[in-house]
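Student: With the input below, show me the fold.
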Amino acid sequence: AVFRHISGEETLLEDIFELEPGFAAELNIQTNEFKKWNWYDPKYSRDESQIDLQKLDTILYNSVKRHLISDAPVGIQLSGGIDSAILSYYVSKNIKSNIKSFTIKFPNSKFDESKKSMEIAKKFNFDHHEISFSVKDFIQYWKKSILFFDEPIHHFHTLPLFKLYEFCKNHVTVILSGEGADEVFLGYKHHEDILNCKNFRELRNFGKFLDFDIAKKYFLLDDDEEKCFGKKTDISKSCLNQGKIGISHYEFNTHLKSLLTRIDKMSMANSIEVRTPYLDNTIIEFGMNQKLENLISKDIDGKHKRKIPLEKIYSQKISNEDINEKIGFHVPFNEWIQNEKILRDFCAKILDESEKFNELNISEILNLKNKLLSSEKINVNEERAIWVICNYILWKISPKLTKIEKSDFNFLYELLKQRNSYENI
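Tutor: Residues are numbered from 1 along each chain as shown. The predicted model follows:
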């Protein structure tokens, strides 16, 4: 509820655990011995004092080239930012024609960046496709997406990604994504603040979606706030002990996992393979070994510059015009939940299901439901609480297959047959 996802190996299912990033496991079926080990733990010294653009150019080219290897058609997902623009450049260097590109469009929203994506597609002569995503789509794909999640959905943009990949499967089988560039090269605006954290609690709180007290208002949680942080406490302490170098790795070890989870599950639900060239080990090593001032700095005019190596590549290869601040993949949920009756009614109907679950504070949730049904304005904490609670309830009531026969390769079809009552929500 606080972070929208679970860190570490814990899950919401009793006695079910998941492997953490960089871990592998082996089960000996004869002795029943189970072994788990950490095979990849990126720790870098950040001692590269000069940005070697020629080296970066080479490893970007080679990474994209490797990620384009496929017997099936490959496309690219465009976001309107420099990360996907740079990938587009290297894709065009490897494949000269018939490249398909795809982007999400939010009609009539200030968060729509499809125009920038179109400009990139035109520059590289891609066969470009815009996938429009409306509030009606949000409702439709919310119910659909959660069927393929093992836990409540984390991020709003999980839903348009489902529609994007659903569309893509009629054109390509593999999609390149710019995911990971911001974590490797410190591209988020808040990286300017996160590097100045003075204690582990301050660092740990980055990425918090709801304050613990707000979450307790709607969920009957244990009073021990420390439990809600999962492994984030250990990670934040470990990072802080290494100073700014350790802090700079924090989101690579926390936030990135939830982003990769959503693209993996939404793409595989549609038989699409998403590949992430920026998370090639050669690029991770390049970015993680750069001195911090090579990645993020302030110029003489006081303007902050972030992911500087990629900005330099963009200026060198694509355009030397000033780089505009990217909005990011922002779904206008806050606009819709304030102004769109169809979404308010849908969320109110979900909240009505709260009476089935003893772990929820039903009276407070019903107050929230009544506010949705009125024309009353909803504050930011309430918007976020609605998202978290509705995802939890949808996940709890979504049809789940209870038995899978080893010989039954149509088990997903069997699950979907159980959706009649669920679809009526």
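Student: What helix or strand is the residue nearest the centre of the chain located in?
Tutor: Note on the chain: the residue nearest the mean C-alpha position is Leu259, at 2.4 Å, using CA atoms, centre = their mean. According to DSSP states H and E, Leu259 maps onto helix 255-268.
Student: Go through that helix and flag the buried ones.
Tutor: Burial within helix 255-268, assessed by neighbour count using 16 or more other CB atoms under 10 Å, is assigned to His255, Leu256, Lys257, Ser258, Leu259, Leu260, Thr261, Arg262, Ile263, Lys265, Met266, Ser267. Backbone N, C-alpha and C define where each C-beta goes, glycine included.
Student: Assign the closest residue to the first one other than its chain neighbours to helix, strand or coil.
Tutor: So that's His255. Nearest non-adjacent residue to His255, counting by CB to CB, 6 or more residues apart in numbering: Gly207, 5.5 Å away. When classified by DSSP: H, G, I helix; E, B strand; the rest coil, Gly207 comes out as coil.
Student: and Gly207, how many neighbours?
Tutor: 19 (other CB atoms under 10 Å).
Student: how close does it sit to Lys232?
Tutor: Computed with CB to CB, to the nearest Å, the distance linking Gly207 and Lys232 is 8 Å.
Student: hmm, back to that, C-terminal to the helix holding Leu259, what's the next element?
Tutor: Scanning onward from helix 255-268 (DSSP H and E), the first element met is strand 273-275.
Student: State the mean pLDDT of that following strand.
Tutor: On average, the pLDDT along strand 273-275 is 97.
Student: which other residues reach the helix or strand immediately after it in the chain?
Tutor: The C-terminal neighbour of strand 273-275 among helices and strands, as given by DSSP H and E, is helix 281-288. Here helix 281-288 makes contact (CB atoms under 8 Å, 6 or more residues apart in numbering) with 42, 44, 46, 48, 55-56, 59-60, 62-63, 184-185, 249, 252, 277, 295, 309.
Student: before we move on, back to that, what is the helix holding Leu259 packed up against?
Tutor: Contact here means 3 or more CB pairs under 8 Å, 6 or more residues apart in numbering; DSSP states H and E; on that basis helix 255-268 packs against helix 158-168, strand 273-275.
Student: ok, 6 Å please
Tutor: Counting contacts by 3 or more CB pairs under 6 Å, 6 or more residues apart in numbering; DSSP states H and E, helix 255-268 packs against helix 158-168.
Student: Centre of the chain to the helix it packs on, how far?
Tutor: With CA atoms, centre = their mean, to the nearest Å as the basis, helix 158-168 stands 13 Å off its chain's centre.
Student: Show me what the following helix or strand past that helix packs onto, helices and strands only.
Tutor: Note on helix 158-168: by DSSP H and E, the next helix or strand toward the C-terminus is strand 174-176. Where contact means 3+ CB pairs under 6 Å, 6+ apart, strand 174-176 is packed against strand 74-77, strand 273-275.
Student: Strands of the stretch 201-350 of the chain, residue ranges please.
Tutor: 273-275, 297-298, 304-305 (DSSP state E, counting those that start in this stretch).
Student: right, and the ones you listed - which one's nearest Tyr90?
Tutor: strand 273-275 (12.8 Å; CB to CB).
Student: which regions of the stretch 251-400 of the chain sit below the pLDDT cut-off?
Tutor: 300-302, 322-328, 400 (pLDDT under 70).
Student: Go again with 80.
Tutor: For the stretch 251-400 of the chain, the stretches with pLDDT under 80 are 298-304, 320-329, 399-400.
Student: which stretches of it form helices?
Tutor: For the stretch 251-400 of the chain, helices defined by DSSP state H, counting those that start in this stretch occupy the ranges 255-268, 281-288, 292-295, 308-317, 333-339, 341-351, 362-373, 380-397.
Student: Touching the first one from outside, list them.
Tutor: Right, helix 255-268. 5, 21, 148-149, 154-155, 158, 161-162, 165, 179, 183, 207, 274 (CB atoms under 6 Å, 6 or more residues apart in numbering).
Student: Would you mind putting those into JSON lines with distance to Leu240 alongside?
Tutor: Formatted as JSON lines, the contacts of helix 255-268 follow (distance: CB to CB, whole Å):
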{"residue": "His5", "distance to Leu240": "21"}
{"residue": "Pro21", "distance to Leu240": "20"}
{"residue": "Phe148", "distance to Leu240": "36"}
{"residue": "Phe149", "distance to Leu240": "32"}
{"residue": "His154", "distance to Leu240": "24"}
{"residue": "His155", "distance to Leu240": "26"}
{"residue": "Thr158", "distance to Leu240": "30"}
{"residue": "Leu161", "distance to Leu240": "33"}
{"residue": "Phe162", "distance to Leu240": "37"}
{"residue": "Tyr165", "distance to Leu240": "37"}
{"residue": "Glu179", "distance to Leu240": "26"}
{"residue": "Glu183", "distance to Leu240": "18"}
{"residue": "Gly207", "distance to Leu240": "15"}
{"residue": "Val274", "distance to Leu240": "32"}
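Student: So what sits opposite the residue lying closest to Ser70 once chain neighbours are set aside in the bridge?
Tutor: Distances taken as CB to CB, 6+ apart place Val174 nearest to Ser70, at 4.9 Å, with adjacent residues excluded. Beta-bridge partners for Val174, by DSSP bridges, are Val74, Glu273.
Student: can you pull the pLDDT of the closest residue to Leu78 other than its chain neighbours?
Tutor: In space, and not counting its chain neighbours, Leu78 is closest to Ser117: 3.9 Å by CB to CB, 6+ apart. Looking at Ser117, its pLDDT stands at 93.
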